[in-house]
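**Q** the following comprises the amino acid sequence and a computationally predicted model.
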Number of protein chains: 2
Amino acid sequence: MRVLVTGGTGFVGRHAVKSLLASGHIVVCTSRAPQRDTNVEWIDSDLLKPGEAARVVHVANPDAILHLAWATEHGKFWTDATNLAWVAASCELASAALKHGVRRFCASGTCFEYDWPPQGDCDEAKTPAANHHLYDTAKDSCRRALAAFASQYEISFAWGRMFLLYGPHEHPARLVPSVARAILAGRPAECSSGAGLRDFMDTRDAGAAIAALTISNVQGTVNIASGEPRKIADVARMIGDISGRSELIRLGALADRKNEPPRITAVVNRLRDEVGFRSSISLETGLRDALDFWTKASDELPDMWSA
Amino acid sequence: MRVLVTGGTGFVGRHAVKSLLASGHIVVCTSRAPQRDTNVEWIDSDLLKPGEAARVVHVANPDAILHLAWATEHGKFWTDATNLAWVAASCELASAALKHGVRRFCASGTCFEYDWPPQGDCDEAKTPAANHHLYDTAKDSCRRALAAFASQYEISFAWGRMFLLYGPHEHPARLVPSVARAILAGRPAECSSGAGLRDFMDTRDAGAAIAALTISNVQGTVNIASGEPRKIADVARMIGDISGRSELIRLGALADRKNEPPRITAVVNRLRDEVGFRSSISLETGLRDALDFWTKASDELPDMWSA
């Protein structure tokens, strides 16, 4: 199958591309900067420019689209004005998909679309939508419009809702890198109490999961998550244990954020039973690899995050 | 105030434009065909073409936007693929509004966005959304994204949900024209039982109402409706009475549509109390004018609807 991937150089996208290539598919990626990976066909494009979504689909002529591109700048994406531009670009991409006879459209959503139940897991069919931030409201509004459109025009449509991801190339201000980097520098890793339950998934698994969803015929919303809730504190502790510097983990050193949700966890029956995907990277392995990544990456940090 | 109106030549738009002009505002309209009304500044534009939404806002440089343009082709608009393109164009319009410092954005929704309560009126705050057709799902998804965006960027945002409209230039296959035209031709007007309750509003009132909403500072969703529910049968009977040919009204001659909703009616407190708008055209006056319109229009009908 010929798969057009938007956002294929991103945090999850790079792993989705690898996974699609590994299962024998042809991958065409859009990118705002020229790329060197010759296993992939590249189309230089900024999808937020007028007419680009239609042009890209025309040039790529894909059988399926995996649409991962969206506002992603750390700290800014929650409220970024481009969230609305991404709704527009996503709708244009789906319109172009119909015009060019693309029969499968998969895109990524977020666990922030849910009104998280304090006592249970987020269920694709039962948990209502919330309006936490512009980001998740734009995502979920986009999903609703795309789903109705795809249903009307018999395009097979899936929406993978990503839960909490960690892994290589993660922004250094996020939980795993900030704890890992403090420890690597021999500094105390000051954390909040970390009492909340979260579903953590390695981005390599998340990329493989959404690639599997894309090439499946499963339709509708599918949680992309490990199905193994963990306390945030346990993740910090595990990084301490792996590195042999558990004394540097200072839980409760920072105040808990106001209105911190007690749990953001997922029902994963659809991903497991319908898509047939199972996580292959345990939290311990994932955190060990993250520590390795930050050990090697520390020198190149300023460059990596200056863009 | 300088108001950019999209869809200003349409069924509701033409009356909104008149109303804005009458209250002393400067009106800039987009149109796909050159127009002659010199009270209005015209911008030739097809808003579904890439980049047009941004260009139009740049050229118009408005203080406020009244966005009425959308898929409207009778019978086709429920499922038309352009519904998704209109979501994209509407998001681009709002993005351009932010860029150009437009402080007020008003757009039109539909009563079909609601999951109509069988026993009561649709309430902006309480009645949940439904997914009846691509049209209303696209509209309501668009509203949700625009509302979150406007809230984030302090653009004053309103969404006028139109209920059942009738009036001059209505498509001849719809209720009022089809009954009026049968009677004018001396033919029996075959109707279903017409037991359902609906909120009918003359398009001249609807145009005036959404113009009033645009120039107000009322935010959020506002029902555009008369607040006077009528049985569909009563509307047919009234046309018969006004024309003096009540014997031609044949209620029950056609089978009722399956799943015909028992009521589509509106709470109008926001429109009345917050916007301060009251309908000025009674159903009887509106239907009398519609009959006059169809008396005069019968000769030009093929031209009017051949586009």
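**A** Thanks, I have the structure now. Residues are numbered from 1 along each chain as shown, chains lettered A, B, ... in the order given.
**Q** and for the closest residue to chain B within the stretch 51-200 of chain A, nearest residue in space, chain neighbours not counted?
**A** Here the residue of the stretch 51-200 of chain A nearest chain B is A:Gly51; by CB to the nearest CB that distance is 3.3 Å. Just so you know, the C-beta spots here come from the backbone N, C-alpha and C atoms, and that holds for glycine as well. Computed as CB to CB, 6 or more residues apart in numbering or on different chains, the closest residue to A:Gly51 that is not its neighbour in sequence is B:Pro50, at 3.3 Å.
**Q** residues from chain A in reach of chain B?
**A** Within chain A, the residues that sit near chain B (CB under 8 Å from any CB of the partner chain) are A:50-51, A:54, A:79, A:81, A:83-85, A:87-89, A:91-92, A:94-95, A:98, A:131, A:133-134, A:137-138, A:140-142, A:144-146, A:148-149, A:151-153.
**Q** let's see 6 Å
**A** Chain A comes close to chain B at residues A:50-51, A:79, A:81, A:84-85, A:87-88, A:91-92, A:95, A:98, A:134, A:137-138, A:141, A:144-145, A:148-149, A:152, as judged by CB under 6 Å from any CB of the partner chain.
**Q** which stretch of helix or strand covers A:Asp292?
**A** helix A:283-297 (DSSP states H and E).
**Q** buried stuff in that helix?
**A** Judged by neighbour count using 16 or more other CB atoms under 10 Å in any protein chain shown, the buried positions of helix A:283-297 are A:283, A:286-291, A:293-294, A:297.
**Q** show me where chain A has helices.
**A** A:13-22, A:52-60, A:82-99, A:134-152, A:175-184, A:203-215, A:232-243, A:269, A:283-297, A:301-304 (DSSP state H).
**Q** now the weakest link among the ones you listed, please, by mean pLDDT.
**A** Mean pLDDT is lowest for helix A:301-304 out of these, coming in at a mean of 48.
**Q** quick one, what contacts the closest residue to A:Ile43 other than its chain neighbours?
**A** Excluding its sequence neighbours, the residue lying closest to A:Ile43 (CB to CB, 6+ apart) is A:Thr30, at 5.1 Å. By CB atoms under 6 Å, 6 or more residues apart in numbering or on different chains, A:Thr30 lies in contact with A:6, A:43, A:45, A:56.
**Q** which residues does the third one contact?
**A** Listed by CB under 6 Å, 6+ apart, the contact set of A:Ser45 reads A:30, A:52, A:56.
**Q** how close does the spatially closest residue to the second one that is not a sequence neighbour get to A:Arg288?
**A** Counting by CB to CB, 6+ apart, A:Ser45 is the residue found nearest to A:Glu52 once chain neighbours are left out, at 5.0 Å. When CB to CB, to the nearest Å is applied, the distance between A:Ser45 and A:Arg288 equals 37 Å.
**Q** ditto for A:Asp44
**A** 37 Å.
**Q** picking that back up, in CSV, list the helices of chain A along with distance to B:Glu113.
**A** Shown next, in CSV, are the helices of chain A (distance: least, CB to CB, whole Å):
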stretch, distance to B:Glu113
helix A:13-22, 34
helix A:52-60, 26
helix A:82-99, 17
helix A:134-152, 11
helix A:175-184, 39
helix A:203-215, 29
helix A:232-243, 39
helix A:269, 31
helix A:283-297, 43
helix A:301-304, 45
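**Q** buried ones in stretch A:153-165?
**A** Residues A:153, A:155-165 are the ones in stretch A:153-165 that count as buried (16+ other CB under 10 Å).
**Q** quick one: neighbours of A:His100, just the number.
**A** 15 (other CB atoms under 10 Å in any protein chain shown).
**Q** how about A:Glu274, what does it touch?
**A** Residues counted as contacts of A:Glu274 (CB under 6 Å, 6+ apart) are A:Val218.
**Q** ok, now how distant is it from A:Val267?
**A** 12 Å.
**Q** same check, this time on A:Ala53
**A** A:Ala53 is 32 Å from A:Val267, by CB to CB.
**Q** and these two? Which one has more around it.
**A** For A:Ala53 versus A:Val267, neighbours defined as other CB under 10 Å are more numerous around A:Ala53 (28 against 19).
**Q** for A:His133, give me phi and psi.
**A** Here the main-chain torsion angles of A:His133 (degrees, to the nearest 10) amount to phi -140, psi 170.
**Q** which one is it nearest to, not counting chain neighbours?
**A** Excluding its sequence neighbours, the residue lying closest to A:His133 (CB to CB, 6+ apart) is A:Trp78, at 4.2 Å.
**Q** quick check on that neighbour: phi, psi?
**A** When read as degrees, to the nearest 10, the backbone of A:Trp78 gives phi -60, psi -40.
**Q** now the helix holding A:Asp292 against helix A:175-184, angle please.
**A** 60 degrees (axes from the mean of the first three to the mean of the last three CA atoms, to 10 degrees).
**Q** which helices and strands sit right next to helix A:283-297?
**A** helix A:175-184, helix A:232-243 (3 or more CB pairs under 6 Å, 6 or more residues apart in numbering or on different chains; DSSP states H and E).
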